[in-house]
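A.B. asks: sequence and predicted structure are below.
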Amino acid sequence: MLNSINTKNPGLFFFLKDYNPIINNSIKNNKWETIACPVCDNDSFSDLFVKREEPFVRCNNCSLVLINPRPEYEEIKKTYDNDYSRDYAKKDKTKLKRSLKRVNLVKRNFGSEGRWLDVGCSAGFVVKAASQCGFNAYGVDVEPWGINYGNTELGLNNLSVGLLENQAYPNEFFNVISLYDVIEHVPDLNTLAKELKRILAPNGVIDIVTPDIGHFRVTKPLSDWKEIKPSEHLYYFDKTTLNKLFSNHGLFITKKRFGLKASMKVCIQHII
Ligand SMILES: [Zn+2]
């Protein structure tokens, strides 16, 4: 699982206690942070509901749904323990098969070749699949257990532990960058988007899968939707909000694939 946060420059992040009257006393004792909207920088939100003591709100300007305020990053990180990766690695064949399907789809649609980076690569099944499809494939994840598994069990050697922005990849290095079920977890979205823009080749493509709050199959009430996951899924994009986030950094959605599940599958490229 990727967690991208700029620890040297907390930027918009700051602590704010007693921010929201709907928070009960038990959460007031923990460390919380509130953020401006990562898509439009607005700081006015409407309350939607509270789930497991975490407040879900909607940006009054761009409509992004997010948890705000939210537990500090260090609290969130505790949820990404080894069990998460172990569960992930258990279903080897299924994961590899799905990864091959995703890689082949990008290859077919964009004629992509060269270097592939999987951000939030966990055990490295996408990296393995991209290698099998002829790419020089890399992976990065903040959680070391999955990387160790990828190295030892999948025989991969281009996996790195740490934050994407700390890897110092060269400019325009990757032809394809994938983020599968990752972006909704990332604490600092703008640092991530800026870095993706920098390392993406001029004709490169970013392939993203994330829950789609604009999908017709999102259940009502929204609080019952299975993707509503306190501390885990920090944001709930639709095509408009996701495109706005990336367009602030010179990237935009060029393709959206239809799916019966309430997840968004989009390709993103440089604005020319
Ligand atoms: Zn907004």
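C.D. replies: Yes, it's here. Numbering: from 1, shown residues only.

A.B. asks: which residue is nearest the centroid of this structure?
C.D. replies: In the chain, the residue lying closest to the centroid (CA atoms, centre = their mean) is residue 183, at 1.3 Å.

A.B. asks: per-residue pLDDT, that residue?
C.D. replies: In this prediction, residue 183 carries a pLDDT score of 97.

A.B. asks: where do the helices of this structure begin and end?
C.D. replies: Using DSSP state H, the helices of the chain run over residues 25-28, 73-77, 82-90, 92-110, 125-132, 144-152, 189-199, 239-247.

A.B. asks: now those in CSV, with mean pLDDT and distance to the ion?
C.D. replies: Where C-beta positions appear, they are placed from N, C-alpha and C, glycine not excepted. Formatted as CSV, these follow (pLDDT from 0 to 100; distance: least, CB to the ion, whole Å):
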stretch, mean pLDDT, distance to the ion
helix 25-28, 46, 24
helix 73-77, 73, 21
helix 82-90, 62, 29
helix 92-110, 93, 29
helix 125-132, 97, 30
helix 144-152, 92, 32
helix 189-199, 98, 11
helix 239-247, 98, 7
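
A.B. asks: quick revisit: contact partners for the residue nearest to the centre of the chain?
C.D. replies: Listed by CB atoms under 8 Å, 6 or more residues apart in numbering, the contact set of residue 183 reads 189, 192, 208, 210, 235, 237, 242.

A.B. asks: if you set the cut-off to 6 Å instead, what comes out?
C.D. replies: Contact analysis of residue 183 by CB atoms under 6 Å, 6 or more residues apart in numbering lists residue 210.

A.B. asks: am I right that residue 159 is in contact with residue 149?
C.D. replies: No: here residue 159 does not reach residue 149: they are 9.5 Å apart, not a contact under CB atoms under 6 Å.

A.B. asks: so which of those two has more stuff around it?
C.D. replies: Ranked by neighbour count (other CB atoms under 10 Å), residue 159 and residue 149 place residue 159 first, with 24 against 21.

A.B. asks: would you mind measuring from that one to residue 61?
C.D. replies: Using CB to CB, to the nearest Å, we find residue 159 at a distance of 39 Å from residue 61.

A.B. asks: what do you get for residue 171?
C.D. replies: Counting by CB to CB, the separation of residue 171 from residue 61 is 32 Å.

A.B. asks: with neighbour numbers in mind, choose between those two.
C.D. replies: Using other CB under 10 Å as the criterion, residue 171 and residue 61 rank with residue 61 on top: 14 against 9.

A.B. asks: list the contacts for the more buried one?
C.D. replies: Neighbouring residues of residue 61 by CB under 6 Å, 6+ apart: 40, 42.

A.B. asks: tell me, how many residues neighbour residue 36?
C.D. replies: With other CB under 10 Å as criterion, residue 36 counts 17.

A.B. asks: then residue 146?
C.D. replies: 27.

A.B. asks: same check, this time on the one 4 residues further on
C.D. replies: Counted by other CB under 10 Å, the residues lying close to residue 150 total 25.

A.B. asks: kindly report the same for residue 254.
C.D. replies: Neighbours around residue 254, by other CB under 10 Å: 16.

A.B. asks: the residue lying closest to it once chain neighbours are set aside pairs with what?
C.D. replies: Sequence neighbours aside, residue 269 is the residue nearest to residue 254 in space, at 4.8 Å (criterion: CB to CB, 6 or more residues apart in numbering). With DSSP bridges as the criterion, residue 269 is bridged to residue 252.

A.B. asks: pLDDT score assigned to residue 269?
C.D. replies: 98.

A.B. asks: also residue 225?
C.D. replies: 97.

A.B. asks: where do the strands sit along the protein?
C.D. replies: 14-15, 32-34, 45-51, 54-59, 65-67, 70-71, 115-119, 136-141, 159-161, 174-180, 200-211, 235-236, 251-257, 263-270 (DSSP state E).

A.B. asks: if we can go back for a sec, residue 170 versus the residue nearest to residue 254, what's the distance?
C.D. replies: In terms of CB to CB, residue 269 sits 19 Å off from residue 170.

A.B. asks: before we move on, what about residue 145?
C.D. replies: 28 Å.

A.B. asks: of these two, who's got more company?
C.D. replies: Set residue 145 next to residue 170 and count neighbours by other CB under 10 Å: residue 145 wins out with 20 against 8.
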